[in-house]
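*Asks:* Fold the following.
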Amino acid sequence: MNTKRIRKAVFPVAGLGTRFLPATRAIPKEMLTVVDRPVIQHVVDEARAAGIEHFVFITGRNKHVIEDHFDRQFELEATLRGRGKEKELAILDADTPAAGATSFTRQQVPLGLGHAVWCARDIIGDEPFALLLPDMLHLGAKPCLAEMMEAYNQKGGNHIGVYPVAEDETNQYGIVDISGSKEKVAPIARMVEKPAKGTAPSNLAISGRYILQPAIFDLLAKQERGAGGEIQLTDSMVTLAKSEPFYSVRFDGKVYDTGSKLGFLAANVAYGLANKDLAGDFRAIIDAHLG
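*Replies:* Here you go, the predicted model:
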């Protein structure tokens, strides 16, 4: 099967982060740290590990610090070099994308996720692309997007990352119907946004990771506003699914919604315990507090 290689990824980072006020008055929510790295850095790390070469950020007002974060900082580097901080220099160098590997474009008007994705149309062009929602952190043995890329290379089409949630919580998520399949990669029969309790076709929630064909842009351009008066990505994906295959890729690790306070705290605990340099002492601190 002839499938175009996925080279580019889109990161919608224009949100206001109102659930984290006052912390986000001057700091974008994507720059809040989980252990020692901003949330957006964790997500970019996942994309890079999957082979992404070009990183497209959909920004808004007061998000310039994200652009600065992924740029070279010569004064800081010179200071570290002068102090012999080679380890820190190496970390900065590894985290900085190559020249020309990042693009930033403004959403300007908060019209929803679908509109944010549409804003990337000229940068993506006629290529399939990955879409990663920065709020959602995936912690597992293998990066979520890397598993999705493997599935895409085998099957082509469009792919959505999913993960199991509690049956009584399915009304809080976008849910996929895979007709009872137990396979890790399964065709999607339909997508349901926040189904009423007791009506969900499965307990597999959309996890904020997508691989989409460029045909989605034409659909988003014509998409009428949906829930909340916003242009909803799911609405256009439902339309696209009538002409192109969609597959779910089940992520078997843990997913943390850092857009909520509890999810953010849970992510810090999980990533702290997964850090080999911190885990032992950190676990002792947690045990002391729980004791």
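*Asks:* show me where this protein has strands.
*Replies:* Under the criterion DSSP state E, strands of the chain are mapped to 8-12, 33-34, 37-38, 54-59, 102-106, 129-132, 136-139, 158-164, 174-177, 185-187, 190-193, 204-212, 246-250, 254-257.
*Asks:* Compare the ones you listed and give me the one nearest E147.
*Replies:* Between E147 and the strands of the chain, the shortest separation by C-beta to C-beta is 5.8 Å, and it involves strand 246-250. C-beta: built from backbone N, CA, C; applies to glycine.
*Asks:* Against which helices or strands is the closest one packed?
*Replies:* Here strand 246-250 touches helix 144-155, strand 158-164, strand 185-187, strand 204-212, going by 3 or more C-beta pairs under 8 Å, 6 or more residues apart in numbering; DSSP states H and E.
*Asks:* Repeat the analysis, applying 10 Å as the threshold.
*Replies:* With contacts defined as 3 or more C-beta pairs under 10 Å, 6 or more residues apart in numbering; DSSP states H and E, the packing partners of strand 246-250 are helix 144-155, strand 158-164, strand 174-177, strand 185-187, strand 190-193, strand 204-212, helix 233-240.
*Asks:* right, so of the ones you listed, which gets closest to I286?
*Replies:* Smallest distance to I286 across the helices and strands packed on strand 246-250 (C-beta to C-beta): 24.3 Å, for strand 158-164.
*Asks:* List the buried residues for the longest helix along the chain?
*Replies:* Ranked by residue count, the top helix of the chain under DSSP state H comes out as helix 261-274. Within helix 261-274, the residues that count as buried by 16 or more other C-beta atoms under 10 Å are 263-264, 266-268, 270-273.
*Asks:* can you list these in TSV and add distance to R48 and pLDDT?
*Replies:* Converted to TSV, those look like this (distance: C-beta to C-beta, whole Å; pLDDT from 0 to 100):
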residue	distance to R48	pLDDT
G263	23	95
F264	23	96
A266	24	97
A267	19	97
N268	22	97
A270	21	97
Y271	17	96
G272	22	96
L273	23	96
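*Asks:* coming back round to it: check what contacts the longest helix of the chain and list those residues.
*Replies:* Helix 261-274 is contacted by residues 19-20, 23, 29, 32-37, 39, 42, 135-137, 139, 253-258, 260, 278-283, 285-286 when judged by C-beta atoms under 10 Å, 6 or more residues apart in numbering.
*Asks:* So how do I select the buried members of those in PyMOL?
*Replies:* Of the contacts of helix 261-274, the buried ones go into a single PyMOL selection, burial set by 16+ other C-beta under 10 Å:
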select buried, resi 20+29+32+34+35+39+42+135+136+137+139+253+255+256+257+258+282
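*Asks:* Okay, the residue in the chain sticking out farthest from the centre and L92: tell me how far apart.
*Replies:* For the chain, the largest distance from the centre (C-alpha atoms, centre = their mean) belongs to G82, which lies 36.5 Å off. Per C-beta to C-beta, to the nearest Å, G82 is found 14 Å from L92.
*Asks:* L290 now?
*Replies:* 36 Å.
*Asks:* More neighbours: these two, which one.
*Replies:* Higher neighbour count among L290 and L92: L92, with 14 against 6, using other C-beta atoms under 10 Å.
*Asks:* ok now do that one, which residues does it touch?
*Replies:* 72-73, 76-77, 80, 85.
*Asks:* Equivalent analysis for D252, please.
*Replies:* Counting by C-beta under 10 Å, 6+ apart, D252 has contacts 140-142, 144, 147, 163-164, 184.
*Asks:* If we ignore the residues flanking it in sequence, what's nearest G60?
*Replies:* For G60, ignoring the flanking residues on the chain, the nearest one in space by C-beta to C-beta, 6 or more residues apart in numbering is A14 at 3.5 Å.
*Asks:* Phi first, then psi, for that neighbour.
*Replies:* Main-chain dihedrals, A14, degrees, to the nearest 10: phi -90, psi -10.
*Asks:* isn't it right next to R106, touching?
*Replies:* Yes. The criterion here is C-beta atoms under 10 Å, and A14 meets it with R106 at 7.6 Å.
*Asks:* hey, what's in contact with both of these two?
*Replies:* What both A14 and R106 touch, as defined by C-beta under 10 Å, 6+ apart, is the set 57-61, 63, 119.
*Asks:* From those residues, keep the buried residues only.
*Replies:* The neighbour count (16+ other C-beta under 10 Å) marks 57-60, 63, 119 as buried among these.
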